[in-house]
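>>> my questions concern the predicted model and sequence given below.
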Amino acid sequence: MPVRGSYLPNSWKGWLTYIPFVAFLIFAAWTNWEHYSDHAQAVFIIAADWVAAVVVMTWIAQRTS
């Protein structure tokens, strides 16, 4: 179901796809922050990972809703 340019799941299966999505966001932030001593570089890497994840989730939501 489209909501302000985003998609919200309307079934338990849809909400279940958000668990690995959120886990990836947390994992990407944590591992990149710990790996790079230059925190500015870590922020750029984390942002790139998050943008890629959001694009994939939006694509999945568009295909299944």
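Perfect, I can see it now. Numbering: from 1, shown residues only.

>>> where exactly do the strands run in the chain?
2-3, 6-7 (DSSP state E).

>>> least confident of these, on average?
Ranked by mean pLDDT, the strands of the chain bottom out at strand 2-3, with a mean of 58.

>>> gap between I46 and A61?
Noted for I46: a distance of 22 Å to A61, by Cβ to Cβ, to the nearest Å. Any C-beta I mention is one placed from the backbone N, CA and C, and that applies to glycine too.

>>> how near is the residue nearest the centre of the chain to T17?
For the chain, the residue nearest the mean C-alpha position is A53 (3.9 Å; Cα atoms, centre = their mean). A53 sits 12 Å away from T17, going by Cβ to Cβ.

>>> over to H39?
31 Å.

>>> neighbour-wise, which of the two wins?
T17 (14 against 11; other Cβ atoms under 10 Å).

>>> give me the pLDDT for that one.
At T17, pLDDT is 84.

>>> which residues does it contact?
Taking Cβ atoms under 8 Å, 6 or more residues apart in numbering as the contact definition, T17 lies against P9, M57, I60.

>>> switch to 7 Å and redo it
Residues in contact with T17 (Cβ atoms under 7 Å, 6 or more residues apart in numbering) are P9, I60.

>>> and the gap between it and F44?
Distance from T17 to F44, by Cβ to Cβ: 27 Å.

>>> what do you get for K13?
Going from K13 to F44 by Cβ to Cβ gives 34 Å.

>>> remind me what the lengthiest helix in the chain packs against, helices and strands.
Counting by DSSP state H, the longest helix found in the chain is helix 39-64. Under the contact criterion of 3 or more Cβ pairs under 7 Å, 6 or more residues apart in numbering; DSSP states H and E, helix 39-64 touches strand 6-7, helix 12-35.
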